[in-house]
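Undergrad: Whatever this is, show me its structure:
(2 chains)
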Protein chains: 2
Amino acid sequence: MTRTIVASATKEIVIGFDQPFCVIGERINPTGRKKLAAEMVAGNFETVIKDALEQAAAGATMLDVNAGVTAVDPNATEPALLVQTLEIVQGLVDLPLSIDSSVTAAIEAALKVAKGRPLVNSVTGEEEKLEAILPLVKKYNVPVVAISNDETGISMDPNVRFAVAKKIVERCADHGIPAHDVVVDPLVMPIGALGDAGRQVFALLRRLREELKVNTTCGLSNISFGLPHRHGINASFIPMVIGAGMTSAIMNPCRPQEMEAVRGANVLNGTDEHCTTWIKTYKDYKPGEHAAPAPVAVTSPADGAANNGGRRRGGREARMARG
Amino acid sequence: MTRTIVASATKEIVIGFDQPFCVIGERINPTGRKKLAAEMVAGNFETVIKDALEQAAAGATMLDVNAGVTAVDPNATEPALLVQTLEIVQGLVDLPLSIDSSVTAAIEAALKVAKGRPLVNSVTGEEEKLEAILPLVKKYNVPVVAISNDETGISMDPNVRFAVAKKIVERCADHGIPAHDVVVDPLVMPIGALGDAGRQVFALLRRLREELKVNTTCGLSNISFGLPHRHGINASFIPMVIGAGMTSAIMNPCRPQEMEAVRGANVLNGTDEHCTTWIKTYKDYKPGEHAAPAPVAVTSPADGAANNGGRRRGGREARMARG
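TA: Next up, the predicted model:
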């Protein structure tokens, strides 16, 4: 059975087919959040702290940490800022972290200070990336997210995306990294633009599980890009990808409708034994309400609305737009 | 491609893997609804009319019609009452109907007056049932729901349930009824009692689709029996069964959360072309709202609360309890 182990200083989590779906909180990411980027550049981590606590309270399994505040010479600034952000977050919550950067030096700097066993986010099938990231993954003995695009971009042909994933897994093996430490992102396209996007990813997930036997992840909200009532599409997508074998996603855990879908799918997938989490969360549920996370003490009132209401505007979506 | 055609006098619907999920409205059923049963016995069809119009307005694809008002000598009363109910409903809405009875004479009486091409609900693997129902299904050239239990009851072993379904499909063939006119119900167990119920049905649905190539249905809300916030479990279950290949369900279309899950899963399954239905339904959606059906003119205020708030208490659940 495929088991990807991630850990904070004090808490170990297993990502696997027989485990509750791993929710990787996406909020600590300045991509497309100008206000947050400006704060982080100014050394103000109030929003980072708030996002970390809120996501933990909402039930995130892990937290993604991204400090990509600028597209201008990120090599100069990102390593130090990612280290600073990571240290603040790991001092605050006991969840395993995902080190999210496109800057190799930032990933290495963060790996040096990260406690436990973080996830590296990410490598692609690009030669330059493989050669830069895989030695670090091996050296620090950590798992890695493998995004199934390469120098040619993101293929619209799911067979090509599978082949890229397979190549990355093979290259990992060459570096002594086992398949159970590779978490493949098959790349989710917006269903509003590509009507086949859902069926493509369901078929890919089955092949990744059955043929490559790897854990999987995705930038979940990409699927609903451009459609009205995105949370409804996301909340239908979650049970479908879980049913197809996906084992984690980078998503916003502060969204009650999406988290309800995760918890429901865990029940139905047999990974919430005796429905314990479901019953605990919803035993006093009244129709029309959502089981919201408990309010968090550390807040920045002026910033509250923007952060609570915002959808994920950057990260994978931004990457996809460039791809 | 498997296509089950059902029709009212004026409207034809195809049930199939490449079609929007077929929502069979379950409300017109007095099983476990004492007040409705008493009304129907007294010749009062106000609630039946209200339930027919509300389900149609809420987006049901078909309506199930059941007139099982009594367990005491149903043979004497049910044929005439089912005919009366069916005629009222088919005079009111243009949706295809499902003739739901455990009384063979009632099914035949209803088949004689039904317009279009109704679905017969149901036959089981019991010899007596097969011999009673299949000749009618052949004579009237209609499709039939095949429930995968037999004289021994409902097996907890999904392989046995598959074998029963296969036997029914074969017996149908002996009677000249093609597999595309058999809609198999693999029987959904409550997940709160049987932790494997979800995975069992997903695996069964894939086999039914790939090996028997039949359409499928289920009494959907059985899955959440006994759990808090049942609509949340149902709404996660719907995308998972659709992803696994289920093509219809007997369910309550007046539940916005469940219907949102159906519409979302149709988008993701590629059966809501250009997301047309989704965009039409949710283009003005505001967070916290559900896209409720338009209010229906014919209402019985005294009965409103009970009918709007009620879960399905009879039908398959009642059958399951006896099984």
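Undergrad: C-alpha from now on. contacts and neighbour counts both.
TA: OK.
Undergrad: Contacts only, for the closest residue to A:V69 other than its chain neighbours.
TA: Leaving aside its chain neighbours, A:V69 sits nearest to A:A37 (5.0 Å; criterion: C-alpha to C-alpha, 6 or more residues apart in numbering or on different chains). The contact partners of A:A37, taken as C-alpha atoms under 8 Å, 6 or more residues apart in numbering or on different chains, are A:30-31, A:68-70.
Undergrad: Extract the C-alpha set from the helix or strand harbouring A:A37 and format it as PDB.
TA: Element membership for A:A37, per DSSP states H and E: helix A:34-41. In PDB, the C-alpha atoms belonging to helix A:34-41 read as follows (Å, rounded to 0.1, in the frame of the first residue of the first chain):
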ATOM      1  CA  LYS A  34      -1.100  42.000  -3.600                       C
ATOM      2  CA  LYS A  35      -1.900  43.100  -0.100                       C
ATOM      3  CA  LEU A  36      -0.400  40.000   1.400                       C
ATOM      4  CA  ALA A  37       2.600  40.300  -0.800                       C
ATOM      5  CA  ALA A  38       3.100  43.900   0.300                       C
ATOM      6  CA  GLU A  39       2.800  42.900   4.000                       C
ATOM      7  CA  MET A  40       5.300  40.100   3.700                       C
ATOM      8  CA  VAL A  41       7.800  42.300   1.900                       C
END
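Undergrad: From chain B, how far out is A:D157?
TA: 16 Å (C-alpha to the nearest C-alpha, to the nearest Å).
Undergrad: What's the local residue count around that residue?
TA: In terms of burial, A:D157 registers 9 neighbours under the definition other C-alpha atoms under 10 Å in any protein chain shown.
Undergrad: same deal with A:H229?
TA: In terms of burial, A:H229 registers 18 neighbours under the definition other C-alpha under 10 Å.
Undergrad: tell me the contacts of it?
TA: Listed by C-alpha under 8 Å, 6+ apart, the contact partners of A:H229 are B:282-283, B:285-287.
Undergrad: just the residues you listed that are near chain A?
TA: When these are filtered against chain A using C-alpha under 8 Å from any C-alpha of the partner chain, the residues retained are B:282-283, B:285-287.
Undergrad: buried set for the helix holding A:A37?
TA: Going by neighbour count (16 or more other C-alpha atoms under 10 Å in any protein chain shown), the buried part of helix A:34-41 is A:36-37, A:39-41.
Undergrad: Name the member of those with the shortest distance to chain B.
TA: A:L36 (24.2 Å; C-alpha to the nearest C-alpha).
Undergrad: my guess is that closest one meets A:A42, correct?
TA: No: because the distance of 9.8 Å does not satisfy C-alpha atoms under 8 Å, A:L36 is recorded as not touching A:A42.
Undergrad: Can you tell me the closest non-neighbouring residue to the residue in the stretch 1-150 of chain A positioned nearest to chain B?
TA: Using C-alpha to the nearest C-alpha, the point where the stretch 1-150 of chain A gets nearest to chain B is A:D18, with a distance of 11.5 Å. Of all residues beyond its chain neighbours, the one nearest A:D18 is A:T271 (6.1 Å), with distances taken as C-alpha to C-alpha, 6+ apart.
Undergrad: residues from the stretch 51-200 of chain A in reach of chain B?
TA: On the criterion C-alpha under 8 Å from any C-alpha, chain B has as its neighbours in the stretch 51-200 of chain A the residues A:191-192, A:195-199.
Undergrad: ok, so of these, who is nearest chain B?
TA: Distance from chain B was checked for each of those by C-alpha to the nearest C-alpha. The minimum falls on A:G198, at 4.8 Å.
Undergrad: Can you tell me how far A:T217 is from A:N121?
TA: Relative to A:N121, A:T217 is positioned 11 Å away (criterion: C-alpha to C-alpha, to the nearest Å).
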